[in-house]
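J.: Any chance you can model this:
(one chain, ligands or ions: 2)
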Amino acid sequence: MLTRIDHIGIACFDLDKTVEFYRATYGFEVFHSEVNEEQGVREAMLKINDTGDGGASYLQLLEPTREDSAVGKWLAKNGEGVHHIAFGTADVDADSAAIRGKGVRVLYDEPRIGSMGSRITFLHPKDCGGVLTELVTSARTHE
Ligand code: CMX
Ligand code: CO
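T.: Ligands and ions are numbered 1, 2, ... in the order given. Alright, predicted model coming up:
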C-alpha cells in the first residue's frame, strides 16, 4: 500500500546553488547527500516532515553526473524543474507487481538501490499521464 509522498525529485544544473536556494528561501537543510552512479545523479535530500506511516517526506534535489543519464537527458530537453514524484510503501515488490498487473510499465524487473539505501523502482511516465512516478521502500522498513 502506498502510504506517503516520499519525495518530489527536482532536476537542477548546480546542486550546491539549488541547495542554497532552498535553505535561504525556505530554511530547509540538507538531511542527507550522496552520489548514485547507477542512476547518474548527485543528490541532496531535504527532509520536510515526518509522515503517519513512520516515514518522512523529502525534496530530492538532483544534479546529473553524466549527460546521458535520465536526469541529464531530461534537463537538456526541459531545463530545470520537477522531474518525478515518489510514493512510499512498506513493500515496493508487492506494489510494483500489483501496478504492473494494471498495465502500467514498471521500468525495473527488480527494485534498485536509491537514496539512503532505499529500494526503488519507476513507472513509465507515458503510462502515468506524463508523470514519472517512483515507488520507494525506505531502508528503515526493508532492513
Ligand atoms: N517526466 C515526464 N516525462 C518524461 C520524463 C519525466 N521525468 N522523462 C522522459 N519523459 C518523456 C519524454 O519527454 C519523452 O516523451 P516524448 O516521446 O513525448 O518526447 C519520453 O518520455 C521518452 O523520453 P526520452 O527523453 O527519450 O528518455 P528515455 O525514454 O531514454 O527515458 C525514462 C525515459 C523515464 C525511461 C528514464 O528517464 C528513466 O529510466 N527514468 C527512471 C530513472 C530516473 O529517473 N533516475 C533519476 C532519479 C533517481 C532517483 O530518484 O533516485
Ligand atoms: Co527519486
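J.: CA atoms for contacts and neighbours, from now on please.
T.: Will do.
J.: burial of Arg140, as a residue count?
T.: 12 (other Cα atoms under 10 Å).
J.: Check what pLDDT the residue nearest to Leu123 when sequence neighbours are not counted gets.
T.: The shortest distance from Leu123 to any residue other than its chain neighbours is 4.6 Å, reached at Val106 (Cα to Cα, 6 or more residues apart in numbering). pLDDT for Val106: 98.
J.: In the chain, mark out all the helices, start to finish.
T.: Taking DSSP state H to define them, one finds helices in the chain at 15-26, 70-78, 92-100, 139-142.
J.: mind checking which of those is nearest ligand 1?
T.: Go through the helices of the chain one by one with Cα to the nearest ligand atom and the one that ends up closest to ligand 1 is helix 70-78, at 4.1 Å.
J.: what residues does that closest one touch?
T.: Outside of helix 70-78, the residues that reach it under the criterion Cα atoms under 8 Å, 6 or more residues apart in numbering are 11-13, 39-41, 62-67, 83.
J.: Nearest to Glu134 among the residues you listed?
T.: Closest to Glu134 out of the contacts of helix 70-78 is His83 (10.6 Å), distances taken as Cα to Cα.
J.: if I look at the closest one, how far off is ligand 1?
T.: 4 Å (Cα to the nearest ligand atom, to the nearest Å).
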